[in-house]
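*Asks:* pasting the sequence and the predicted coordinates here, then a few questions.
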Amino acid sequence: MRDTVSKATLREFDLIRWIRQEAPADDRVLVGIGDDAAVVRNRDAATLLTTDLLVEGVHFDLGKASLADVGWKAMARNISDIAAMGGRSSVAVMSAALPRGFSEEQARELVRGALACAAEFDVRLVGGDVSSTQGPLVLSVALLGDTAGRPPVLRSGARPGDAILVTGTLGGSILGKHLRFRPRQAEGILLGERYSPHAMIDISDGFARDLHHILEESGVGARVWASQIPISDEARRAARESGRAPLDHALGDGEDYELLFTLDEADAARLLADRPFDVPVTRVGSVATSGPLVATPEPRRASAHRSRDRQGAVPRRTGRSVTVAARITTSEPRPSGSGSRSVTVAARTGPLAATAALVLPDGTEKPLEPEGWEHTA
């Protein structure tokens, strides 16, 4: 951990020595804080690496958040990223640009928050950097993790017919959750070990946008049931203040840091029956075929499985395009759980574009856009 903070602001070498004393080490850390680089032991052949940046006025407001909250959030965001790959976090480095006039006690409070989160999730802080700035407080954490020999869960593995599920509840994080959330590390690891998710992401940008990240990377579409979105109490409070619908907040607020993932139908049913987590898991929709899609209710009686149409045409992906000769009929469960209905998906030749449809409680559908989505019902 190096330093370039003015001595007039704080005694930076004293701060570094204090951090070195406060940051515990174990057998993963061969050389920790004090050298130009840390030396760490890899627990796995494949190493996960992530980094995240927090900027005062963008990601936090010091008028509403303590410095310990900011430190916690900086560490937790990275742990959440590793968890979304089905991994366990291991070692971290943290760098900060401290505003001029920042005291050593303020710096310690910031670090204490980060160390508290690290200790909670068995992460070791092994180094970083500190500097001064005439601008706002800026904090960055980089973190290593691993999946204990399992393949990491990517965003690109979702398949047509998969169930779409989410942990916890969504929306209203600005009322406090975004500062002191608990990364779903245990849930991500257990999903990887027992249920083989095809794709997964942590919800930082908002449910709608992060779902689209999966759809775009996987080259698929989706149908989401509005009535099944797990709306948080905070989203309802935020809705009373904003005048917008609670569903609006659940779909678009972001910084929920819940896991959004896809499983095949059998594994999804097993997960929902097992209830292995302390937080709820909700099925919110299904993955559909890729390409520019228009989903419309099909009046015919639903079949029990996805089928080809009479012409037998199915989508054929060529590079980043999809060519389709006819229609595909899929069977989807009703949100109420009372049977199912058939949905005809019409696709045309064109650039690969992930499309999601939101099924409203009255059965009507509207596009679920990645951003700028509004629900006024």
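*Replies:* Structure received. Residues are numbered from 1 along each chain as shown.
*Asks:* quick one: strands adjacent to the one helix or strand residue 98 maps to?
*Replies:* Counting by DSSP states H and E, the element that carries residue 98 is strand 88-99. Partner strands and pairing direction for strand 88-99 (DSSP bridges) are strand 124-133 (parallel), strand 138-146 (antiparallel).
*Asks:* export those strands to a markdown table and append columns for mean pLDDT, distance to residue 257 and mean neighbour count.
*Replies:* Placement of C-beta: from N, CA and C, glycine included. Output for these, formatted as a markdown table (pLDDT from 0 to 100; distance: least, Cβ to Cβ, whole Å; neighbours: other Cβ atoms under 10 Å):
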| stretch | mean pLDDT | distance to residue 257 | mean neighbour count |
| --- | --- | --- | --- |
| strand 124-133 | 90 | 20 | 21 |
| strand 138-146 | 94 | 14 | 22 |
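*Asks:* out of the ones you listed, nearest to residue 62?
*Replies:* When these are compared by Cβ to Cβ, strand 138-146 sits nearest residue 62, at 11.7 Å.
*Asks:* how far out from the middle of the chain is the closest one?
*Replies:* Averaging C-alpha positions (Cα atoms, centre = their mean, to the nearest Å) puts strand 138-146 16 Å from its chain's average.
*Asks:* from the chain's centre, how far out does the following helix or strand past it sit?
*Replies:* Per DSSP H and E, the first helix or strand lying C-terminal to strand 138-146 is strand 163-167. Its chain's C-alpha centre and that of strand 163-167 lie 12 Å apart, by Cα atoms, centre = their mean.
*Asks:* elements contacting strand 163-167?
*Replies:* Here strand 163-167 touches strand 259-263, helix 265-274, strand 281-288, going by 3 or more Cβ pairs under 8 Å, 6 or more residues apart in numbering; DSSP states H and E.
*Asks:* strand partners of that strand, parallel vs antiparallel please.
*Replies:* strand 259-263 (antiparallel), strand 281-288 (antiparallel).
*Asks:* on that earlier part again, hey, which of the helices and strands packed on strand 163-167 is tucked in deepest?
*Replies:* Neighbour counts (mean count of other Cβ atoms under 10 Å) averaged over each of the helices and strands packed on strand 163-167 peak at strand 259-263, with a mean of 28.
*Asks:* pull the residues that contact it.
*Replies:* By Cβ atoms under 8 Å, 6 or more residues apart in numbering, the residues outside strand 259-263 that reach it are 83-84, 153, 157-159, 162-167, 184, 187-188, 191, 195-203, 207, 210-211, 214, 271, 287.
*Asks:* related to what we said a few turns ago, next SSE after the strand holding residue 98?
*Replies:* Under the assignment DSSP H and E, the closest C-terminal helix or strand after strand 88-99 is helix 104-120.
*Asks:* tell me which residues in that next one are buried?
*Replies:* By neighbour count with 16 or more other Cβ atoms under 10 Å, helix 104-120 contains the buried residues 106, 107, 108, 109, 110, 111, 112, 113, 114, 115, 117, 118.
*Asks:* helices or strands up against it?
*Replies:* Other elements packing on helix 104-120 under the criterion 3+ Cβ pairs under 8 Å, 6+ apart are helix 12-22, helix 67-83, strand 88-99, strand 124-133.
*Asks:* next, the angle helix 104-120 makes with the longest one.
*Replies:* Right, the one you point to is helix 67-83. Interaxial angle of helix 67-83 relative to helix 104-120 (axes from the mean of the first three to the mean of the last three Cα atoms, to 10 degrees): 30 degrees.
*Asks:* pull the CA atoms of helix 67-83 into PDB?
*Replies:* Listed next in PDB are the C-alpha coordinates belonging to helix 67-83 (Å, rounded to 0.1, in the frame of the first residue of the first chain):
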ATOM      1  CA  LEU A  67     -17.800   6.800   6.300                       C
ATOM      2  CA  ALA A  68     -18.100   3.300   7.700                       C
ATOM      3  CA  ASP A  69     -21.200   2.800   5.500                       C
ATOM      4  CA  VAL A  70     -19.100   3.900   2.400                       C
ATOM      5  CA  GLY A  71     -16.300   1.500   3.300                       C
ATOM      6  CA  TRP A  72     -18.700  -1.400   3.700                       C
ATOM      7  CA  LYS A  73     -20.400  -0.600   0.400                       C
ATOM      8  CA  ALA A  74     -17.100  -0.400  -1.400                       C
ATOM      9  CA  MET A  75     -16.100  -3.900  -0.300                       C
ATOM     10  CA  ALA A  76     -19.600  -5.400  -0.500                       C
ATOM     11  CA  ARG A  77     -20.100  -4.400  -4.100                       C
ATOM     12  CA  ASN A  78     -17.100  -6.500  -5.200                       C
ATOM     13  CA  ILE A  79     -18.100  -9.500  -3.000                       C
ATOM     14  CA  SER A  80     -21.500  -9.400  -4.700                       C
ATOM     15  CA  ASP A  81     -19.800  -9.500  -8.200                       C
ATOM     16  CA  ILE A  82     -17.800 -12.600  -7.200                       C
ATOM     17  CA  ALA A  83     -21.000 -14.200  -5.700                       C
END
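*Asks:* what's it packed up against?
*Replies:* Secondary-structure packing of helix 67-83 (3+ Cβ pairs under 8 Å, 6+ apart): strand 48-55, strand 88-99, helix 104-120, strand 138-146, helix 177-180, helix 185-190, strand 199-202.
*Asks:* so what's residue 212 closest to, chain neighbours aside?
*Replies:* Once flanking residues are discounted, residue 212 sits nearest to residue 370: 3.8 Å by Cβ to Cβ, 6 or more residues apart in numbering.
*Asks:* so the one you found makes contact with residue 214?
*Replies:* No: counting by Cβ atoms under 8 Å, residue 370 sits too far from residue 214 to count as a contact (10.9 Å).
*Asks:* find the residues that touch each one of these two.
*Replies:* Counting by Cβ under 8 Å, 6+ apart, residue 370 and residue 214 have no common neighbour.
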